[in-house]
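Undergrad: this one's sequence-less:
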């Protein structure tokens, strides 16, 4: 490389004077349009620094005379959204759950809002289709541990199950095996008894041995005939629906450990109209109870 | 010299630009049969364009009372007795295909009738030329005015012309938006700035295009912008009726003195009248050209001349290349309207028109669909029976409220339910408002005994007082009956 600026014999243009293996570089001037755009961007930047937040300094940053803040913007957007929802949801406020479900227009609105709310809040446990899984109840069928009327569902949603809410749905099935309340053989006999309740073949001797055990330990909640009691969220043991599985091992497991699921009290997270919509959505999808 | 500069020099000639400069055209006013037909068509087509949105049409309450309306917010299309939904856009596709085929057929038979008489570009250009003549006079006066230096006379004539052009363009663009809104309502709101923004923007854009296309671009639109002249080259053949200079009669041409004999020469006296009246600025005697829109004005100009010199009219006229060639060869001219090409176009047009008429006649008053739930596909109930969920959708294209009974067949035993109504084993009620889409949730449950197969075909039928529709679906139950 050398510093002399020669003229290129072919184009008649000056070279930069840089040379690599005999190849020299033409010093072609920038196109004017390019230059003007470049000046324009410099002017734009200067204006931007004055108007918008730009330069950081220890402990803060220049705010710009427009006081633009995306954080404030988002807060305003959320406020506007809530205001809009309040307007649209007024029809829900003034209607009873029953009226909402019977009126085609209100029902359509509630179903849409309910579905959005369900997908965002409930689907994580109950599944997008609402069919649940082991330990998480199926909300599409006709089995309701805590009652399946509109009112029951709304109460469950607002206060939750075994949540921190003082009015939560609450009950606790004892861990009969784990806590030593019953002997392992007795748990085995009770398992046979529960299998027999749902009209499946079982060891009749074990069933006979377990009858007094069931009456003393289980009938308080599950009722003497095993059909359950929604007051305690005690499932019907005579049907074909099993929250924790209906085979012998699963039934044994449940008597031994006495599990019970927890659902948050949505009343503190969702507003009243959204809860109404969600109630109708769940109730309607389950065929209305 | 760079390649671009060379191309510039070559293309521009003396002009020096990259493009060929436009040669101004000063079409002379002509009178005659074809000009009169064109005047009549101009009045009729413009009247249709400006008048159509103002035709009222009685429809049930709540629906637009405008005969022709493209209602984007509805969204519906109204054409007198016909109402179309957006889903039926295929009728428009069919209409476009019909228009194209009709154009093919007409072009194959009679040449560029569309270009010469009916195309908006031709009609509006004609209208703008009328205004031009009003302010600047006919051909000679205009040429003189253009070559004169700027003066008050020139300024007000030019200014007045452009002002009236702009007003016509504004009226053209302004009229367009009435096809998309209730015309009387929009008419009131548009003047006080209360019209929808789209109306102002559309009117503005169309004002600009009308002014520039019909005022300043004119024949360049046909020659450079429009693809149709290129396409119709494929439809024209030697039997197509076109505006043609009958060279068998006209040649050899040349000036003619009053007492000279017509023996041994052609009828064309080279008076240039066919050239000066041409709005495309061409000489028809050079034969068929892509610029020629077959407007027939040179026919009138030539006929006028022929009458003056006492020769038969029709030296330029509607004729075929084939007939001219035959007469040149000494035989009688023959014409052939029925050719494979015209038969194909005719048959295709008849087929598409038939399908369209059939489609309109068979149009269903309601469209009924059954959408089966995908998640969950089915639910087992406490007693072991199975329940499937469906969404029923009805597009009620009638103008009456429809109260449907919903029935399901295909299962030995079933129970129907919809949220908010008591369950029923026979039928449910489904109400759909007039001109609306209604949907209903339908829950069907069936005992295991009624489900021999994991997938049972079912038929959902709805019937109101005057409409019946049904849709097929399936009832899925997994493998509940698998031992």
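TA: Looks like it came in fine. Given the structure is predicted, the values throughout are model-derived calculations rather than measurements.
Undergrad: show me what from chain B comes close to chain A.
TA: B:373, B:375-376, B:379-384, B:387, B:389, B:417, B:419-421, B:423, B:431, B:438-439, B:441, B:443, B:445 (Cβ under 8 Å from any Cβ of the partner chain). In short, each C-beta sits where N, CA and C put it, glycine included.
Undergrad: tell me the SS of residue 260?
TA: In the absence of a named chain, chain A is used. Following DSSP: H, G, I helix; E, B strand; the rest coil, residue A:260 is assigned to coil.
Undergrad: my bad, chain B
TA: Recorded secondary structure, residue B:260: coil (three-state DSSP).
Undergrad: give me the distance between it and residue B:309.
TA: Noted for residue B:260: a distance of 11 Å to residue B:309, by Cβ to Cβ, to the nearest Å.
Undergrad: circling back to that earlier point, list buried residues within the residues of chain B next to chain A.
TA: B:373, B:376, B:379-381, B:387, B:389, B:417, B:419-420, B:438-439, B:441, B:443, B:445 (16 or more other Cβ atoms under 10 Å in any protein chain shown).
Undergrad: of those, which is the nearest to residue A:189?
TA: Minimum distance to residue A:189 across these is 28.5 Å, recorded for residue B:380 (Cβ to Cβ).
Undergrad: count of neighbours near the spatially closest residue to that closest one that is not a sequence neighbour?
TA: In space, and not counting its chain neighbours, residue B:380 is closest to residue B:386: 5.9 Å by Cβ to Cβ, 6 or more residues apart in numbering or on different chains. When neighbours are defined as other Cβ atoms under 10 Å in any protein chain shown, residue B:386 has 24 of them.
Undergrad: list the contacts for residue B:386?
TA: Residue B:386 makes contact with B:378-380, B:445-446, B:448, B:451, B:475, B:477-478, B:480 under the criterion Cβ atoms under 8 Å, 6 or more residues apart in numbering or on different chains.
Undergrad: for the chain, which helix is longest?
TA: You didn't pick a chain, so chain A it is. helix A:70-94 (DSSP state H).
Undergrad: look at chain B instead
TA: helix B:152-176.
Undergrad: where does pLDDT dip in the stretch 1-150 of chain B?
TA: B:1-20 (pLDDT under 70).
Undergrad: what segments of it are helices?
TA: With DSSP state H, counting those that start in this stretch as the criterion, the stretch 1-150 of chain B has helices at B:3-12, B:33-51, B:90-110, B:113, B:120-136, B:139-147.
Undergrad: dump these into TSV; add mean neighbour count as well.
TA: Formatted as TSV, the helices of the stretch 1-150 of chain B follow (neighbours: other Cβ atoms under 10 Å in any protein chain shown):
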stretch	mean neighbour count
helix B:3-12	11
helix B:33-51	15
helix B:90-110	17
helix B:113	20
helix B:120-136	19
helix B:139-147	13
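Undergrad: could you dump those helices into a markdown table with distance to residue B:202 added?
TA: Putting the helices of the stretch 1-150 of chain B into a markdown table (distance: least, Cβ to Cβ, whole Å) gives the following:
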| stretch | distance to residue B:202 |
| --- | --- |
| helix B:3-12 | 37 |
| helix B:33-51 | 15 |
| helix B:90-110 | 19 |
| helix B:113 | 30 |
| helix B:120-136 | 16 |
| helix B:139-147 | 33 |
